[in-house]
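K.L.:
Let's see this in three dimensions:
(chains A and B)
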Amino acid sequence: MSARALRVTLIVLAAVGIALAGYLTYVHYSGTTPPCSIKGNPCSQVQKSRYSELAGVPVALIGLLGYIVILGSLLASEGERARFATMALTLGGLGFSAYLTYREVFTLHKICEWCVGSAVLMTIMMCLSVWRFLRGDVDAQARAAQALAELDGPQPDTPAAALPG
Amino acid sequence: MSQRPGVDLDDEADLTRKQRREQAREQRKALEEEAASSAKRKARLAQLGIVVAAVVAAIVVILIATGGGGTKKVAPHSAEANQTVAAVNTLIGGIPQSGNTLGNPNAPVTMQYFGDLECPICKEFTLGALPAIIQKWVRTGKVKIEYRSMETATREQEVFKTQQIAALAAGKQQKMWNFIETFYHEQGEEGSGYVTESYLRGLAQQVPGLDLTTWTSAREEPALANQIAADAQAANNVGFTGTPSFLFGKSGEAGKKFEYSSLTDPSSFNEAIAKLLKG
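P.N.:
Residues are numbered from 1 along each chain as shown, chains lettered A, B, ... in the order given. Predicted coordinates:
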């Protein structure tokens, strides 16, 4: 996967995350009930529980801001720092999602589809961004290899060199 | 094109030397690049490790700050039990009770609270928005609250019946709400099987003035089991699927389903009550 394709994939995922967290933020402030296919609408109960806020700030809003900052790091000019920032932010996001999932499963004993969706999205983004960070600037490496090959010119034993002049 | 074998041999030898030098240079360059790339990879892995450690530390801090989750069993007459008794007494002491109802029997508005004593979300409501509702509307005689049973969180039907009947039996001595409040205050980890006979007895011992002999015999009354069945039917009739769920209405009339906006902020409840009182 090229660096560009990977970055575009992450940008799309971050945009999906913004839409998802944005909707949950709207649900929190408007007091509406999010649609949920699970019997008993546990999504509503989770969204209205005390764990829907952290230090008075809705967790949906924290998620929204997180996705926006991740998108910002992806739109910044490609470089080691930007890749590190995306990796660190998505790891932080995954940690936060893990905390919320723990609260859902072990404290509230409810599962919210919307929260699970966000957690899955963040997990995919974290995996991709860690991979992107660890492999470095693959395009630059490819460009350097190509430049080196061009500088070296055709080798004597290559078919091109063996052609009659 | 003429052939000059001597020159060609020299050229070939020269080319071979050049090629060897070139190859050696490339090998050295490749080794250097490999070493640099390996150092970079190690540095990135170290950075990744630091970030992972920081994230784990942050989660632990958040978990500690927001509480561990479950609550432990409270021994009757312990300092913690005394605190609960005091808190419950401050909240509902002096408010009339009759069976499953808390509040003035002639209150113009009735709120029906469908709950499961083991439901952690009901605990959130009971310890969150409910105290403000009681303070503002029940204590002033404008609203009465009927607690009705609906099985959601309790995994075994028999345990559900036993615990809800234990609460209704306290209602026979006009102390059901003391029992309910104490249960929610000291609620254990859902699904951990904490609701045993000794647990229920321990709760009953924390209800001031509750005669344990009368309470024990009242638990056998078939009317209480029938009440649980009637509550389940009522919840089913209005289509409730989760707890807590609520019906609001003018006293004496059929209640309407109420959608709350928060379990901890009483605003949506206040609005609904104010509307009913005006109408």
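
K.L.:
and the helix or strand hosting B:Glu34, what's its mean pLDDT?
P.N.:
B:Glu34 belongs to helix B:5-65 when assigned by DSSP states H and E. Mean pLDDT, helix B:5-65: 81.

K.L.:
by contact count, what packs against that helix?
P.N.:
Helix B:5-65 sits against helix A:80-102, helix A:113-135, with contacts defined as 3 or more Cβ pairs under 8 Å, 6 or more residues apart in numbering or on different chains; DSSP states H and E. C-beta: built from backbone N, CA, C; applies to glycine.

K.L.:
From the contact counts, what lies against the first one?
P.N.:
Looking back up the chat, that one is helix A:80-102. Secondary elements touching helix A:80-102 (3+ Cβ pairs under 8 Å, 6+ apart): helix A:59-75, helix A:113-135, helix B:5-65.

K.L.:
Tell me the buried residues in it?
P.N.:
With burial defined by 16 or more other Cβ atoms under 10 Å in any protein chain shown, the residues of helix A:80-102 counted as buried are A:82-101.

K.L.:
export that helix as CSV, just CAs?
P.N.:
Taking Å, rounded to 0.1, in the frame of the first residue of the first chain, the C-alpha atoms of helix A:80-102 are listed here in CSV:
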residue,chain,number,x,y,z
GLU,A,80,8.0,11.8,10.6
ARG,A,81,6.4,14.2,13.2
ALA,A,82,3.0,14.0,11.5
ARG,A,83,3.1,10.3,11.4
PHE,A,84,4.1,10.1,15.1
ALA,A,85,1.3,12.5,16.0
THR,A,86,-1.3,10.4,14.2
MET,A,87,0.1,7.2,15.8
ALA,A,88,0.1,8.7,19.3
LEU,A,89,-3.4,10.2,18.9
THR,A,90,-5.0,7.0,17.6
LEU,A,91,-3.3,5.0,20.4
GLY,A,92,-4.7,7.5,22.9
GLY,A,93,-8.1,7.2,21.1
LEU,A,94,-8.0,3.4,21.4
GLY,A,95,-7.1,3.6,25.1
PHE,A,96,-10.1,5.9,25.7
SER,A,97,-12.4,3.6,23.7
ALA,A,98,-11.1,0.6,25.7
TYR,A,99,-12.0,2.5,28.9
LEU,A,100,-15.5,3.3,27.7
THR,A,101,-16.0,-0.3,26.5
TYR,A,102,-14.9,-1.5,30.0
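
K.L.:
which bits of chain A sit near chain B?
P.N.:
A:31, A:33, A:39-42, A:44-45, A:48-51, A:54, A:84, A:87-88, A:91-92, A:94-96, A:98-99, A:102-103, A:106-110, A:130, A:133-134, A:136, A:156 (Cβ under 8 Å from any Cβ of the partner chain).

K.L.:
mind checking which of the helices and strands packed on helix B:5-65 is nearest B:Thr90?
P.N.:
Closest to B:Thr90 of those is helix A:80-102 (Cβ to Cβ; 32.9 Å).

K.L.:
give the contact list for the closest residue in space to B:Ala153 that isn't next to it in sequence.
P.N.:
Spatially, and ignoring its direct neighbours in sequence, B:Ala153 is nearest to B:Cys119 (3.9 Å; Cβ to Cβ, 6 or more residues apart in numbering or on different chains). Contact analysis of B:Cys119 by Cβ atoms under 8 Å, 6 or more residues apart in numbering or on different chains lists B:Thr152, B:Ala153, B:Thr154, B:Glu190, B:Thr243, B:Pro244.

K.L.:
Okay, the fifth one and B:Val138: tell me how far apart.
P.N.:
As defined by Cβ to Cβ, to the nearest Å, B:Thr243 lies at a distance of 20 Å from B:Val138.

K.L.:
Ok, A:Pro58 next?
P.N.:
29 Å.

K.L.:
got it, and A:Arg50?
P.N.:
22 Å.

K.L.:
likewise B:Gly242?
P.N.:
From B:Gly242 to B:Val138 the distance is 24 Å (Cβ to Cβ).

K.L.:
Could you do A:Arg143 as well?
P.N.:
74 Å.

K.L.:
With B:Thr110 instead?
P.N.:
Counting by Cβ to Cβ - B:Thr110 and B:Val138 are separated by 11 Å.

K.L.:
and A:Tyr26, what does it touch?
P.N.:
A:Thr32.

K.L.:
repeat for the one 3 residues further on
P.N.:
Taking Cβ under 8 Å, 6+ apart as the contact definition, A:Tyr29 lies against A:Pro58.

K.L.:
Pop out the phi and psi values for it.
P.N.:
Backbone torsions of A:Tyr29, given as degrees, to the nearest 10, read phi -80, psi -30.

K.L.:
can you check B:Pro266 too?
P.N.:
phi -80, psi 0.

K.L.:
Any idea how many residues pack against it?
P.N.:
Look at B:Pro266: counted by other Cβ atoms under 10 Å in any protein chain shown, it has 22 neighbours.

K.L.:
And the pLDDT at it?
P.N.:
95.

K.L.:
can I assume it is in contact with B:Ala129?
P.N.:
Yes - B:Pro266 lies in contact with B:Ala129 (Cβ atoms under 8 Å); the separation is 4.2 Å.

K.L.:
Serialize the contacts of B:Cys119 to TSV and add fields for pLDDT and distance to A:Gly63.
P.N.:
Formatted as TSV, the contacts of B:Cys119 follow (pLDDT from 0 to 100; distance: Cβ to Cβ, whole Å):
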residue	pLDDT	distance to A:Gly63
B:Thr152	88	27
B:Ala153	85	27
B:Thr154	86	32
B:Glu190	73	26
B:Thr243	92	27
B:Pro244	94	26
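
K.L.:
Selection in PyMOL covering whichever of the residues you listed are buried, please.
P.N.:
Burial among the contacts of B:Cys119 is assessed by 16+ other Cβ under 10 Å; the matching PyMOL selection reads:
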select buried, chain B and resi 152+153+154+190+243+244
